[in-house]
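Novice: Let's see this in three dimensions:
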Amino acid sequence: MSILRTAALTVASGLVLLLTLSPLPASAHDEMIEATPSQGSALGPDDPPFAAFRFSGEIFPEAAFISVVDPSGADVSVGDPTVAGDTVSREFAADAPGTYTASYRVTSSDGHPIEGSVNFTYNGPAAGEPSPDTAEDQGTDVTPADPENESDRDYTTVVIIVVATAVLVVGTAVAISMLRRRRR
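Specialist: You can find the predicted model right below:
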């Protein structure tokens, strides 16, 4: 076998070994695994007014969107969506009893868009009607996700693969160049 064929076989074997031993992300796409409020649930005036969706992988904060619409189709979302790792949340202002829809559109950790919605019922008073518990402090412990606790993405595996591939490409180019010089 020629030296060039041996070098090419060595590089190809190295690439196959690198790809085989590299921890690659799973091929399954991320998905929504939990919604608050959940599909078909009923909220009252004492329940915290926010929608949250948790996914099977981390969410890109720049591409996260939640919208909550009331029974008339008006958007009652308040503020911007908040992303913390695998959860995206957003407050809303429920102002009339009826069926609300919380919709999400996010880009998951594997780069694929995910979208969907849940319907829930608000059984509270209409806007302008006083709630029986208006004067009381609700003191609930449930709050939307905190962006300060957002975890950093771990790109170590990607960096290792890119560096190893670059080393293999440069090594192959050097080996071929050296072989060509020897033949002259």
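
Novice: if I look at residue 39, how far off is residue 119?
Specialist: 6 Å (CB to CB, to the nearest Å). C-betas here are computed from N, CA, C, even on glycine.

Novice: Pull the contacting residues for the nearest residue to residue 38 once chain neighbours are set aside.
Specialist: Distance criterion CB to CB, 6 or more residues apart in numbering; nearest residue to residue 38, sequence neighbours excluded, is residue 118 at 6.6 Å. Residue 118 makes contact with 35, 37, 38, 39, 40, 51, 101, 102, according to CB atoms under 8 Å, 6 or more residues apart in numbering.

Novice: Inside strands: which ones of these?
Specialist: If you go by DSSP state E, the contacts of residue 118 have 35, 51, 101, 102 in strands.

Novice: hmm, back to that, quick one: which two of the contacts of residue 118 are the most distant?
Specialist: Spanning the widest gap among the contacts of residue 118 are 40 and 51, at 14.2 Å by CB to CB.

Novice: More neighbours: these two, which one.
Specialist: Between residue 40 and residue 51, counted using other CB atoms under 10 Å, the more crowded position is residue 51 (27 against 10).

Novice: My understanding was that the more buried one contacts residue 36; is that so?
Specialist: Yes. Counting by CB atoms under 8 Å, residue 51 touches residue 36, with 6.8 Å between them.

Novice: Could you pull out the residues contacting both of the two?
Specialist: residue 89.

Novice: ok so, going back, just name the closest of the ones in strands among the contacts of residue 118 to residue 170, please.
Specialist: Nearest to residue 170 out of those is residue 35 (CB to CB; 48.7 Å).

Novice: Of all residues in the protein, which one is nearest the centre?
Specialist: Nearest to the geometric centre of the chain sits residue 59, at 1.7 Å (CA atoms, centre = their mean).

Novice: so where's this protein shaky on pLDDT?
Specialist: 1, 17-28, 126-163 (pLDDT under 70).

Novice: Could you identify the longest helix within it?
Specialist: helix 156-183 (DSSP state H).

Novice: Please identify the buried residues of it?
Specialist: By neighbour count with 16 or more other CB atoms under 10 Å, helix 156-183 contains the buried residues 164, 168, 172, 175.

Novice: out of these, who's nearest residue 124?
Specialist: residue 164 (57.6 Å).

Novice: And what about residue 47, helix, strand or coil?
Specialist: Secondary structure for residue 47, judged by DSSP: H, G, I helix; E, B strand; the rest coil, is coil.

Novice: Would you mind giving the contacts of residue 118 as TSV with distance to residue 109 added?
Specialist: Shown next, in TSV, are the contacts of residue 118 (distance: CB to CB, whole Å):
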residue	distance to residue 109
35	19
37	25
38	23
39	24
40	28
51	21
101	26
102	22
